[in-house]
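Novice: predicted model and sequence below, questions to follow.
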Amino acid sequence: MNVEVLPALITEKSIIQRMMELYQYDFSEFENIDLDEHGCFGYLYLDYYWVEADRHPFLVRVDSKLAGFVLVNQYTYLPGSQYSVAEFFILRKYRKYGIGRQVAFHIFDLFCGCWEIHQVHTNSVAQQFWRSVIRAYTENNYAETVMEDTDWTGIVQCFDNTAKLRS
């Protein structure tokens, strides 16, 4: 399978917006979110990914077919962190083939610095995925913490890929 991770153009925002509904539908199993009066979950921050320099939208394609998206930003909770995966979605059809791992590695390689990756307490599948991916990417050189404050409640993995990418 040929996996591509490409910056999403403003003309592709509606594609991510539609896939975001699928993502949030999946996520509704773990969070207490409801549809709005139009039958949509919505995503308040999507427009900002094309107007703010510290937000980066990506589309994922597998064999030229849409397969997911990744939203990276620089809104972090822990001191010293620079990058965060705000949202990460791979269509169910493409899961369990290592595509998510390949996409995550590619995204990490695009941005050199200190990362934090978040998962809600109730999403054990995401926790397993990210632990496995980050363990492999960092060769087990990462820290994990549980945050419980007004900004974020959940699991956070942190790592610095600066040395890996400069060597």
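Specialist: Nice, I can see it. Because the structure is a prediction, the values reported are computed rather than measured.
Novice: what strand or helix carries the residue nearest to the spatial centre of the chain?
Specialist: What sits nearest the mean C-alpha location of the chain, by Cα atoms, centre = their mean, is residue 88, with 3.0 Å. Counting by DSSP states H and E, the element that carries residue 88 is strand 83-90.
Novice: that strand pairs with which strands, and in what direction?
Specialist: Take DSSP bridges as the rule and strand 83-90 pairs in its sheet with strand 65-73 (antiparallel), strand 114-119 (parallel).
Novice: buried stuff in the longest one?
Specialist: The neighbour-count criterion (16 or more other Cβ atoms under 10 Å) identifies 66-73 as the buried residues of strand 65-73. All C-beta spots, glycine's among them, are computed from the backbone N, C-alpha and C.
Novice: that one: how far from the chain's middle?
Specialist: In terms of Cα atoms, centre = their mean, to the nearest Å, the centre of strand 65-73 is found 8 Å from the chain centre.
Novice: just stretch 66-79 next, same as before
Specialist: 5 Å.
Novice: export only the CA atoms of that stretch, formatted as PDB.
Specialist: Extracted in PDB, the C-alpha atoms of stretch 66-79 (Å, rounded to 0.1, in the frame of the first residue of the first chain):
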ATOM      1  CA  LEU A  66      -8.700   9.300   1.200                       C
ATOM      2  CA  ALA A  67      -7.900   7.400   4.300                       C
ATOM      3  CA  GLY A  68      -7.700   9.900   7.200                       C
ATOM      4  CA  PHE A  69      -6.300  13.200   8.500                       C
ATOM      5  CA  VAL A  70      -3.900  14.600  11.100                       C
ATOM      6  CA  LEU A  71      -4.100  18.000  12.800                       C
ATOM      7  CA  VAL A  72      -0.800  19.100  14.400                       C
ATOM      8  CA  ASN A  73      -0.600  22.200  16.500                       C
ATOM      9  CA  GLN A  74       1.600  24.000  19.000                       C
ATOM     10  CA  TYR A  75      -0.900  24.200  21.800                       C
ATOM     11  CA  THR A  76       0.600  22.200  24.500                       C
ATOM     12  CA  TYR A  77       0.100  21.800  28.200                       C
ATOM     13  CA  LEU A  78       3.500  20.900  29.600                       C
ATOM     14  CA  PRO A  79       6.400  23.300  29.900                       C
END
